[in-house]
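Trainee: Here is the input, now give the coordinates:
(chains A and B)
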Amino acid sequence: MKRTLFRNQLLPWLLLAPQLAITFVFFLWPAAQAIRQSFLRQDAFGINTSFVGLANFRALWNSPEYLNSLQVTAVFAVLVTVLSMGFSLLLAVAVDRMIRSASVYTTLLVWPYAVAPAVAGILWWFIFNPTIGVMPYVLEMVGYDWNHISSKSDAMALVVIASAWKQISYNFLFFVAGLQSVPASLREAAAIDGAGPVRRFFDITLPLLSPTTFFLLVVNIVYAMFDTFAVIDATTEGGPAQATNIMVYKVYFDGFVGQNMGSSAAQSVVLMVIVIALTIVQFRWVEKKVAY
Amino acid sequence: MKYLFTASAVALLASLSAANAQTEIQWWHAMGGELGAKLEEITKGFNDSQDEYTVVPSYKGTYPETMTAAIAAFRAQQQPAIVQVFEVGTGTMMAAKGAIVPVHQLMADQGAAFDPAAYLPAVVGYYTDTEGNMLSMPFNSSTPIVYYNKTVFEKAGLDPNTPPKTWAELEEFSKTIRDTGAATCGFTTQWVSWIQTENLSAWHNQPIGTEQNGFGGTAARLTLNGPVQVKHWENLKRMADEGVFKYGGPVGGDNAAPMFYSQECAMYMGSSASRAGVIANAKDFELGYGMLPYYDDVEGAPQNSIIGGATLWVLSGRPDEEYAGVAKFFEYLSSPEVQADWASFSGYLPITQAAMDQMADYYAENPGADTGIKQITLNEPTENSKGLRFGNYVQIRGIIDEEFEQLLAGSKDAQGALDAVVERGNALIEEFEAQNQ
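Mentor: You can find the predicted model right below:
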């Protein structure tokens, strides 16, 4: 590796300064504020403040709503990740087999990525609206009474579909690129040895795709846990009866609507710990099993 | 070029000095659309009437967004002088003693003409302390009433000019309507929290919480799991199972109005301020108005209904001259002319007796428009029917919706659901009490 030597000690710091400043202002400082706030109890206006130690965390641990939110988040993240990655892999494999029309399909499939999450949420809210939507009408013909306003599972299905749909384009692009880097010679050799298309896919393509899959797994879990706020806010607002109240939405609701800063900050700290843990687990253990 | 520069510099100086002469008063509000336009028209009327103060209204989004913005601004010491806060935020605002200037105190300090007796007790009672001092200036208040479809009533063989008086009648009418095929559902409702829980309690003179429904202080706790409320929720569940009642969704019940407009449901309980919207949408049928139904076996019913809507709170920490302007502006806002204009335009309730008297002609010409005001002034408000005041109430309303949904889903009975509301709500109230000590 080529190393650049700076004669001036100040120059490297100066070059790093803009990035460090941004990290400090937009990440370290707010994170420190959240940690500080999580040990305090404060009224909405910030007039009375008292130190309460771990009381905010203890309250979370004893709150059935928070434990429910943990569970909802896990179910939601797994479903969104599996659905969007599975579907985009299917599409990518299909497009990979095309020769002339591949670029047209790729362009079309990337479009949804340009849609803002809030707009995507509203879009799906309209499609699935029990009173005016088109899907409940179709579902009624096959005998299913769709109502995400009162049914917990329907609401979960709605937010999962809306969130997964948003992410398909992104996953698709990476899978297409990944598939193109799988050497055709390996597949051809297997074909000559008598392996069918399914066997070739699972024994050759999929293992060679694992770096891409692993990267997307990280990105998708992070996406499902943090970037789906707008979808939830535009469709179910966490309801009915907290069935879609994922942790990020609960942080917002308790902090900004409920004005309970201490609990909201404690929840952010828990989220921060979860993200750190997830990242460590993924890079320490999962990465070792990935064949690069 | 040089002349142009000089001229623009002079113009700039002139505009600066003009701005200096007037004190600007920031007013953050949550009125969008036509109501927002009307609000700006009213403000312009005040700005044109004198040249000392300019009130600058800014639209800040929904009620929770406006309140959150004002609180965040207060923490950053950038607060507006006036902020519009919805009724469930009253507990939070009132407890923030260092952050607000109570209206009665503001008016006294500024020597403004202010006679508390001129205001309607049913409206301002919600926003007074236990000594009867007004804390915030009511701006837009409404109360739930019954809208019904006269055309469907006629088709079902019912008298179109007689809305149901009691819940027994409402159920009987609903069943007749359903059985004759005049409509598929009897009734639907906005706001299960505000209408079917809080107003139901006040209308039957039942307590919502201890300490005069929370007016007495932050030590108050919820008690809305009493026999009348339990019986009512039980009935709603039973009627929902029988298809007589349809649930319109949590919070404001977004799906309730379309069910009434499309004539799927024959009756609709909603805010009196929805009147203009209901009229605009009730194109294919004739519209009737009625008071909320009551249980005739409950002693003291009907009492009076309570209001919803928002008031104007004055935040502390602004320069003195702004408060003089705020006092003048409030005087202007409570004048009978402005009140009558605003109330007849919007469907909100007038806040003074004088404004109500001035609206007599309007009420005569618009049948049903006075249902709300008649209902809140039906009787002298009691401890149970003045309103309610609890901390963290925005979330408690959410809990009411959630538990009602559990009841509808069959996972809890009415007693269990309301017990859970009380238990979960009180945990939030305790948290609020601890925050404000």
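
Trainee: what about the strands in the chain?
Mentor: You didn't pick a chain, so chain A it is. Ranges of strands in chain A, per DSSP state E, are A:40-42, A:49-51.

Trainee: meant chain B, my bad for not saying
Mentor: B:23-29, B:53-59, B:82-86, B:100-101, B:137-142, B:144-149, B:185-189, B:245-246, B:265-271, B:287-290, B:308-315.

Trainee: now for the third one, which elements pack on it?
Mentor: Here strand B:82-86 is seen to pack against strand B:23-29, helix B:63-75, strand B:308-315 when contacts are counted using 3 or more Cβ pairs under 8 Å, 6 or more residues apart in numbering or on different chains; DSSP states H and E. From N, CA and C alone the C-beta is placed, and that goes for glycine too.

Trainee: Please name whichever of the strands of chain A is nearest to B:Gln353.
Mentor: strand A:40-42 (41.6 Å; Cβ to Cβ).

Trainee: What count of nearby residues applies to A:Ala17?
Mentor: 10 (other Cβ atoms under 10 Å in any protein chain shown).

Trainee: ok, of the strands of chain B, where does mean pLDDT dip lowest?
Mentor: Among the strands of chain B, strand B:137-142 carries the lowest mean pLDDT, a mean of 89.

Trainee: Let's see the pLDDT reported for whatever residue of the stretch 51-200 of chain A ends up closest to chain B.
Mentor: Relative to chain B, the nearest point of the stretch 51-200 of chain A is A:Ile149 (4.7 Å; Cβ to the nearest Cβ). At A:Ile149, the model reports a pLDDT of 76.

Trainee: which residues does the closest residue to it other than its chain neighbours contact?
Mentor: Nearest residue to A:Ile149 in three dimensions, chain neighbours excluded: B:Gly249, at 4.7 Å (Cβ to Cβ, 6 or more residues apart in numbering or on different chains). Residues near B:Gly249 by Cβ atoms under 8 Å, 6 or more residues apart in numbering or on different chains: A:Ile149, A:Ser150, B:Asn255, B:Ala256.

Trainee: now do B:Asn392
Mentor: Applying Cβ under 8 Å, 6+ apart to B:Asn392 gives the contacts A:Gly258, A:Gln259, A:Asn260, B:Gly91, B:Thr92, B:Leu428, B:Ile429, B:Glu431, B:Phe432.

Trainee: Can you list phi and psi of it for me?
Mentor: Main-chain torsions, B:Asn392, degrees, to the nearest 10: phi 50, psi 30.

Trainee: Kindly report the same for B:Gly181.
Mentor: According to degrees, to the nearest 10, B:Gly181 has phi 80, psi 10.

Trainee: Would you tell me which helix is longest in the chain?
Mentor: In the absence of a named chain, chain A is used. helix A:64-96 (DSSP state H).

Trainee: hmm, I had chain B in mind actually
Mentor: As assigned by DSSP H, the longest helix anywhere in chain B is helix B:414-435.

Trainee: can you pull the pLDDT of the residue nearest to A:Ile149?
Mentor: 83.

Trainee: same question, B:Val152
Mentor: If you check B:Val152, the pLDDT there is 96.

Trainee: The one 3 residues further on too?
Mentor: B:Lys155 is assigned a predicted lDDT (pLDDT) of 95.

Trainee: List the residues that contact it.
Mentor: If a contact means Cβ under 8 Å, 6+ apart, then B:Lys155 has B:Thr180, B:Ala182 as its contacts.

Trainee: Just the residues contacting stretch B:298-308, thanks.
Mentor: With Cβ under 8 Å, 6+ apart as the test, stretch B:298-308 has contacts from B:86-87, B:122-123, B:126, B:141-144, B:191, B:194, B:198-199, B:202-206, B:228, B:271, B:291-292, B:294-295, B:349, B:375-382, B:384-388.

Trainee: Which among those count as buried?
Mentor: B:86-87, B:122-123, B:126, B:141-144, B:191, B:194, B:198-199, B:202-206, B:228, B:271, B:291-292, B:294-295, B:349, B:375-378, B:381, B:384-388 (16 or more other Cβ atoms under 10 Å in any protein chain shown).

Trainee: neighbours around B:Gly157, how many?
Mentor: Neighbourhood size, B:Gly157 [other Cβ under 10 Å]: 10.

Trainee: you'd agree it is up against B:Thr176?
Mentor: Yes: between B:Gly157 and B:Thr176 there is a contact under Cβ atoms under 8 Å: 7.0 Å.

Trainee: just for the chain, where's the confidence low?
Mentor: I'll assume chain A. For chain A, applying pLDDT under 70 flags the ranges A:1-4, A:6, A:285-292.

Trainee: you looked at the wrong chain, it should be chain B
Mentor: B:1-21.

Trainee: Can you pull the residues of it lying near chain A?
Mentor: Contact residues, chain B versus chain A (Cβ under 8 Å from any Cβ of the partner chain): B:64, B:68, B:71, B:74-75, B:92, B:95-99, B:247, B:249-250, B:255, B:258-259, B:392, B:394-395, B:401-403, B:405-406, B:408-409, B:428, B:431, B:434-437.

Trainee: Need the buried ones from those selected in PyMOL.
Mentor: Buried residues within the residues of chain B next to chain A, by 16+ other Cβ under 10 Å, are selected in PyMOL with:
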select buried, chain B and resi 64+68+71+74+75+92+95+96+99+247+249+250+255+258+259+392+394+395+401+402+403+405+406+408+428+431+434+435+436
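
Trainee: Much appreciated, bye for now.
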